[in-house]
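Participant: build me a model:
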Amino acid sequence: METFARLFGSLLALVYHCFDRIVILGHLPLLTRPQNIVHFFRDIHQIKTISKEVLRQRTDDYHRWVEAFARKRKIPLEWAEKGVRKEDYVRPQLRRMERRQQFGVYFILKSMELGPSFRSAVPRFPVDDPHYRILARQRSRYTHYYFDIRDEVLGPIALCVGSFLPFSITYYLNGHSFMQRELERAGVPFRKDDNAFLWAADPKALQAAADRLSPQIIRQQLDHWTWGVGPRFSQKDRAAINLSRHYSLQPVEYCRNFVFRRNFPIHKLFERSCDLGLFRLSADKLSQMFGFRLHKRLRGKLATVLEKMEHGHHVFRACGKNAVLRMYEKFSTFLRLEVLSNNLKDFGLKKSLDNLQTVRQTLAAATDRFAAFEAQALDVHVDFPLFQRLALPIPAGNSKIPGIKIHDTRMLRLMEVLLHRGTQLGGWRSRQIHQAILFTFQLTADRYTLTQLRYDLRKLKAHALLQREGQHYAYRLTDKGIRVALMFVLFHQRVCGPLANSLFNRTPTQLHIPSTHLQAAFNKADAAIQRVVDLLAA
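Facilitator: Just a heads-up that it's a prediction; the model follows:
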């Protein structure tokens, strides 16, 4: 992380890390087994025959209570539409609650989903007890209620309540929403777009708000809303059996956000990171980033993939076991590194909500290692598209002047002559340049005519590489032209030349260099050219 901040610190406006999406499962431990259900109905409610109708009665009571709750408080109660995201569908109601500064349930959606339940069956063969029924756990489709809530502490959350015993509840919350509520209470100005903070008056307060999300705060708020909208149990039931819920972490996302001052470097960094990630992230590097031990019996897969989610939006994914490391750019404003754990056992962690701080440290370390790899891969010079820009044509009225190609021999000869002979105070006229090119490269006038030279000079002037000397038809290279000409000429001499002639023209070793004045002068000139190349590269 330090390497990434050192490389791009001048470009970064804000850096913070926090929990993103957290899914928590709340279940009643003493109502999860068939023997618990038998004890609940027979010993507490004195119901001897636990039939389908008895189990169904609890569900019907809860259905009637939810309908009365929605009708009394004028809360919309609708079936969820297929293919429509629930968050997008209820967002107008959430915005209305925010404008009114209200808290509570603002929407209820119904959905048919799979969930745990109990099956009551009559035994196939006669038994001594006529009230005996076979109870077994199963998964079946039944109605689930999604309570969309604006909480005063956690911000917008959602509760998915199953309407059949054992009445399991799934909670959906977001760390960014909790941070927003913390900053609003502290009076710290900020700017937030969708699911990311783009600016904060006090970055330290922003990170402190992210670190304050604790198991105690989450449990207190979830117990409050479970008691308010969850299944109803009488005082007698609560006195006879412990009906407190156990909260366990399910999918957890932890993200590290890099907000840039300008949007230019984000896409370049993302493209470069994807190229290097797909090429360099081998199985051993992936296992190191996730913190897994690489062995033959490793479950799942270690792979990298680049996915196109929608037009212009790509996500780089690195998979390991049941965990995923994701990197993507959003709104052309920030770059996000995110680790998603679908099973905390992959990291050697327990799922209990009390282990939230350990989960935070482990997942933050994974994102830190991912950022360190990205910094190491990006610790190179930024791509300089000089040759690409010069190769593009320049509009001139109703026509276009062709670009300057790196392999154009005529332009290379012209640039080399202008570099060596372009220091004359009055500039060079076209005929003088023409004669210099013919003499330097041993050409005849029919192989390189004066008309061709004027055409090449016109291209240099269009790209702002050549300028006229006052009102005379004399030319000299501009400051940009000198740098570009040096780049073109030295690129061919120092890069293309040695590569193409490496088998026949090698730099001699110090042991075999003859100690002559001519060779010493040649070595000095060669070192000077190399310094020019280094300066241009810098």
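
Participant: the residue in the chain sticking out farthest from the centre in helix, strand or coil?
Facilitator: Computed with Cα atoms, centre = their mean, the residue of the chain farthest from its C-alpha average is residue 128, at 63.8 Å. State at residue 128, reduced to three classes by DSSP: H, G, I helix; E, B strand; the rest coil: coil.

Participant: for it, give me phi and psi.
Facilitator: Main-chain dihedrals, residue 128, degrees, to the nearest 10: phi -70, psi -30.

Participant: what's the average pLDDT for stretch 24-32?
Facilitator: Averaging pLDDT along stretch 24-32 yields 92.

Participant: and stretch 367-376, how far out from the chain's middle?
Facilitator: Counting by Cα atoms, centre = their mean, to the nearest Å, stretch 367-376 is centred 13 Å from the centre of its parent chain.

Participant: for it, list every residue counted as buried.
Facilitator: 367, 368, 369, 370, 371, 373, 374, 375 (16 or more other Cβ atoms under 10 Å). (C-beta placed from N, C-alpha, C; glycine too.)

Participant: show me the contacts for the fourth one.
Facilitator: Spelled out, it's residue 370. Listed by Cβ atoms under 8 Å, 6 or more residues apart in numbering, the contact partners of residue 370 are 289, 318, 325, 327, 337, 339.

Participant: going by residue numbers, what spans are strands in the stretch 401-538 of the chain?
Facilitator: Assigned by DSSP state E, counting those that start in this stretch, the stretch 401-538 of the chain shows strands spanning 428-429, 466-468, 474-477.

Participant: next, give phi and psi for the nearest residue to residue 365 once chain neighbours are set aside.
Facilitator: Among residues not flanking residue 365 along the chain, residue 291 sits closest, at 7.1 Å (Cβ to Cβ, 6 or more residues apart in numbering). Per-residue torsions, residue 291: phi 90, psi 20 (degrees, to the nearest 10).

Participant: residue 48 versus residue 291, what's the distance?
Facilitator: With distances taken as Cβ to Cβ, to the nearest Å, residue 291 is found 54 Å from residue 48.

Participant: more neighbours: those two, which one.
Facilitator: Between residue 291 and residue 48, residue 291 has the larger neighbour count (other Cβ atoms under 10 Å), namely 16 against 13.

Participant: look up phi and psi at residue 325.
Facilitator: phi -100, psi 120.

Participant: list the residues that contact it.
Facilitator: Residue 325 is in contact with 289, 290, 317, 318, 319, 337, 338, 339, 340, 366, 367, 370, counting by Cβ under 8 Å, 6+ apart.

Participant: show me the beta-bridge partners of residue 14.
Facilitator: Beta-bridge pairing for residue 14 (DSSP bridges): residue 259.

Participant: count the neighbours of it for me.
Facilitator: With neighbours defined by other Cβ under 10 Å, the count for residue 14 comes to 20.

Participant: ok, it touching residue 205?
Facilitator: No. Counting by Cβ atoms under 8 Å, residue 14 stays clear of residue 205, with 12.0 Å between them.

Participant: CA atoms of stretch 184-196 as CSV?
Facilitator: Provided in CSV are the C-alpha atoms of stretch 184-196 (Å, rounded to 0.1, in the frame of the first residue of the first chain):
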residue,chain,number,x,y,z
GLU,A,184,-23.7,13.5,9.3
ARG,A,185,-23.9,13.2,13.1
ALA,A,186,-20.3,14.6,13.4
GLY,A,187,-21.1,17.5,11.0
VAL,A,188,-18.2,16.6,8.6
PRO,A,189,-19.0,17.8,5.1
PHE,A,190,-18.6,15.1,2.4
ARG,A,191,-19.6,14.2,-1.1
LYS,A,192,-20.9,10.8,-1.9
ASP,A,193,-22.0,9.3,-5.2
ASP,A,194,-23.9,6.0,-5.1
ASN,A,195,-21.7,3.6,-3.1
ALA,A,196,-18.5,5.6,-2.7
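
Participant: hmm, who's touching it?
Facilitator: Here stretch 184-196 makes contact (Cβ under 8 Å, 6+ apart) with 20, 174, 176, 180, 183, 197-202, 205-206, 209, 257, 259, 330-331, 333-334, 336.

Participant: now the closest residue in space to residue 488 that isn't next to it in sequence: how far from residue 74?
Facilitator: What sits nearest to residue 488 in space, not counting adjacent residues and going by Cβ to Cβ, 6+ apart, is residue 415, at 5.5 Å. Residue 415 is 78 Å from residue 74, where distance means Cβ to Cβ.

Participant: ok, those two, which is more surrounded?
Facilitator: Applying other Cβ under 10 Å to residue 415 and residue 74 shows that residue 415 carries more neighbours, namely 27 against 6.

Participant: how about the contacts made by the more buried one?
Facilitator: Counting by Cβ under 8 Å, 6+ apart, residue 415 makes contact with 484, 485, 488, 489.

Participant: ok, now residue 6?
Facilitator: Neighbouring residues of residue 6 by Cβ under 8 Å, 6+ apart: residue 375.

Participant: go through whichever strand or helix holds it and flag the buried ones.
Facilitator: For residue 6, the element it lies in under DSSP states H and E is helix 2-8. For helix 2-8, burial by neighbour count (16+ other Cβ under 10 Å) applies to 4, 7, 8.

Participant: could you export the buried residues of stretch 367-376 as CSV, including distance to residue 399, secondary structure and pLDDT?
Facilitator: Shown next, in CSV, are the buried residues of stretch 367-376 (distance: Cβ to Cβ, whole Å; DSSP: H, G, I helix; E, B strand; the rest coil; pLDDT from 0 to 100):
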residue, distance to residue 399, secondary structure, pLDDT
367, 54, helix, 91
368, 56, helix, 90
369, 55, helix, 88
370, 51, helix, 86
371, 50, helix, 85
373, 50, helix, 79
374, 45, helix, 76
375, 47, helix, 75
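
Participant: now, among these, which is nearest to residue 165?
Facilitator: Nearest to residue 165 among the buried residues of stretch 367-376 is residue 367, at 40.0 Å by Cβ to Cβ.

Participant: out of the strands of the stretch 401-538 of the chain, which one sits most buried?
Facilitator: Sort these by mean neighbour count, taking mean count of other Cβ atoms under 10 Å, and strand 474-477 sits at the top with a mean of 20.

Participant: what is that one packed up against?
Facilitator: When contacts are defined as 3 or more Cβ pairs under 8 Å, 6 or more residues apart in numbering; DSSP states H and E, strand 474-477 sits against helix 409-421, strand 428-429, strand 466-468.

Participant: just checking: what are the partner strands of it?
Facilitator: When DSSP bridges is applied, strand 474-477 pairs with strand 428-429 (antiparallel), strand 466-468 (antiparallel).

Participant: quick one: mean pLDDT over the last one.
Facilitator: Taken as a whole, strand 466-468 has an average pLDDT of 83.

Participant: contact partners of that strand?
Facilitator: Strand 466-468 has contacts (Cβ under 8 Å, 6+ apart) with 418, 427, 457, 460, 461, 474, 475, 476, 477, 478, 481.

Participant: confirm for me that the third one is in contact with residue 431.
Facilitator: No. Taking contacts as Cβ under 8 Å, residue 457 lies outside contact range of residue 431: 11.8 Å.

Participant: who has more neighbours out of the two?
Facilitator: residue 457 (18 against 11).

Participant: contacting residues around residue 44?
Facilitator: Residues near residue 44 by Cβ under 8 Å, 6+ apart: 236, 237, 240, 241.

Participant: same thing but at 7 Å, please
Facilitator: Shown in contact with residue 44 (Cβ atoms under 7 Å, 6 or more residues apart in numbering): 237, 240, 241.

Participant: and the contacts of residue 415 as CSV, adding pLDDT, neighbour count and distance to residue 168?
Facilitator: Below are the contacts of residue 415 laid out as CSV (pLDDT from 0 to 100; neighbours: other Cβ atoms under 10 Å; distance: Cβ to Cβ, whole Å):
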residue, pLDDT, neighbour count, distance to residue 168
484, 82, 21, 69
485, 82, 24, 73
488, 80, 23, 70
489, 78, 18, 74
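
Participant: widest-spaced pair of the contacts of residue 370?
Facilitator: Going by Cβ to Cβ, the pair spanning those furthest: 289 and 327, at 11.7 Å.
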